[in-house]
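Visitor: this is the structure alone, sequence omitted:
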């Protein structure tokens, strides 16, 4: 197994954990923080998909799925059109959730099928990108604003780590909400 296959396996796990977390939650549960100021399941899933979408689009030199109109896998929820319009959030299309305050977190409301559809579309694009990489590609510098400069491998590992953390948080919150 090479490094790109490891990244793919990790991102597959993110998708699977999120699917389980979303399963059976109502729209109200998705938008309910476990306590005031906590992130909601809807925000966690939206944010992890937005981070993956934003960061992979940047390194791939492509438009984000969020604004491109890519509908993703067949049967993805929401029909045609741009994901940003399907969600119709009171946020700028460039937002990915970093630094959000409580009101902004609570503004991210979406049904499970829409959240899952967007993550599936992002996952499909990311998987296609990873499939085209060689192990040597992971050494390419993609961000010189850091010391040391950030390589593609480091950036993709960072996306995976962030997504796994938020998927775990969503799974935990979903479990608590199901017991309430």
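Guide: Ah, there it is. Given the structure is predicted, the values throughout are model-derived calculations rather than measurements.
Visitor: element containing the residue positioned nearest the centre of the chain, please.
Guide: For the chain, residue 49 is the residue whose C-alpha lies nearest the centre (CA atoms, centre = their mean; 1.2 Å). Here residue 49 sits within helix 41-60, counting by DSSP states H and E.
Visitor: buried set for the top helix by length along the chain?
Guide: Scanning the chain for the helix with the most residues, using DSSP state H, yields helix 152-179. For helix 152-179, the neighbour count (16 or more other CB atoms under 10 Å) marks 152-157, 159-160, 162-164, 166-167, 169-171, 173-174, 177 as buried. The way it works is simple: take the backbone N, C-alpha and C, and place the C-beta from them, glycine included.
Visitor: stretch 55-67 too?
Guide: Buried residues in stretch 55-67, counted by 16+ other CB under 10 Å: 55-57, 59-60, 64-66.
Visitor: now do the end-to-end distance for it.
Guide: 14 Å (CA to CA, to the nearest Å).
Visitor: give me the mean pLDDT for it.
Guide: Rounded to a whole number, the mean pLDDT of stretch 55-67 is 97.
Visitor: from here on, call the first residue 233.
Guide: Happy to do that; since the first residue is 233 now, the last one works out to stretch 287-299.
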